[in-house]
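In: model the following, please.
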Amino acid sequence: MATDRRTLNLFDWQPPVVAHKAEKVRAASFRAKLAKAVSTTLKECGRTRANVASEMSAMLDAEISEHVLNAAASESREDHLLNPERLWALCTVTGDFRPVAVLLDRSDNVLIDKRWLGAVREAIATAEKERLDVVIKAARREWRGA
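Out: Reported below is the predicted structural model:
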């Protein structure tokens with residue numbers, strides 16, 4: 001029996017990733033959490049660490065070794081954090097921005113894909129419009145003496 005490839009299967013549908021979260025990343029300290037995020041990213045990207053290091057090196061035009069990634073992914077080597085440029089390259093090469101999300105975890109901010117920024121702006125504008133509608137209605141009642 002042939003399957004219908006034109007109809008969306010609602011049971012297989014996955015919502016798009018809008019905000020990157022550090023959900024699989026739990027550790028005792030901030031540095032250990034960042035190391036675990038790097039480790040999880042490397043494990044789940046489907047590439048070898050040597051391949052990731054090579055792509056990062058090409059992207060940054062600087063030598064990044066597999067050893068550097070191993071040290072950054074080790075919770076026991078808390079003194080070997082990736083600098084911001086290398087962290088950006090790791091996330092870009094793997095397509096996984098959880099390590100950056102860990103940096104934001106202590107704040108009230110989240111990391112979202114740029115393509116969703118318009119939706120966020122629309123939601124903010126809608127909330128502001130609703131607030132202003134209440135103010136306008138109150139002013140209109142006051143003005144008309146109702």
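
In: wait, doesn't E55 sit right on L90?
Out: No - in terms of C-beta atoms under 8 Å, E55 does not count as a neighbour of L90; the distance is 9.4 Å. The C-beta positions use only the backbone N, C-alpha and C, and glycine is treated the same way.

In: who has more neighbours out of these two?
Out: In this comparison of E55 against L90, neighbours counted by other C-beta atoms under 10 Å, the higher total goes to L90 at 29 against 17.

In: go through this structure and flag its longest helix.
Out: Here the longest helix in the chain is taken by residue count, with DSSP state H as the criterion, and it is helix 117-144.

In: elements contacting that helix?
Out: Other helices and strands packing on helix 117-144, by 3 or more C-beta pairs under 8 Å, 6 or more residues apart in numbering; DSSP states H and E, are absent; none qualifies.

In: can you give me the helices for the protein?
Out: Counting by DSSP H, the chain forms helices over residues 30-44, 49-60, 66-72, 84-94, 98-104, 117-144, given from the N-terminal end onward.

In: contacts for stretch 52-64 next, please.
Out: Taking C-beta atoms under 8 Å, 6 or more residues apart in numbering as the criterion, the residues outside stretch 52-64 that touch it are 42, 45, 47, 65-66, 68-69, 85-86, 89-90, 92-94.

In: and if we set it to 10 Å?
Out: 41-42, 45, 47-48, 65-70, 72, 82, 85-90, 92-94 (C-beta atoms under 10 Å, 6 or more residues apart in numbering).

In: would you mind listing where the protein has pLDDT under the threshold?
Out: Scanning the chain for pLDDT under 70 picks out the ranges 1-27, 78, 146.
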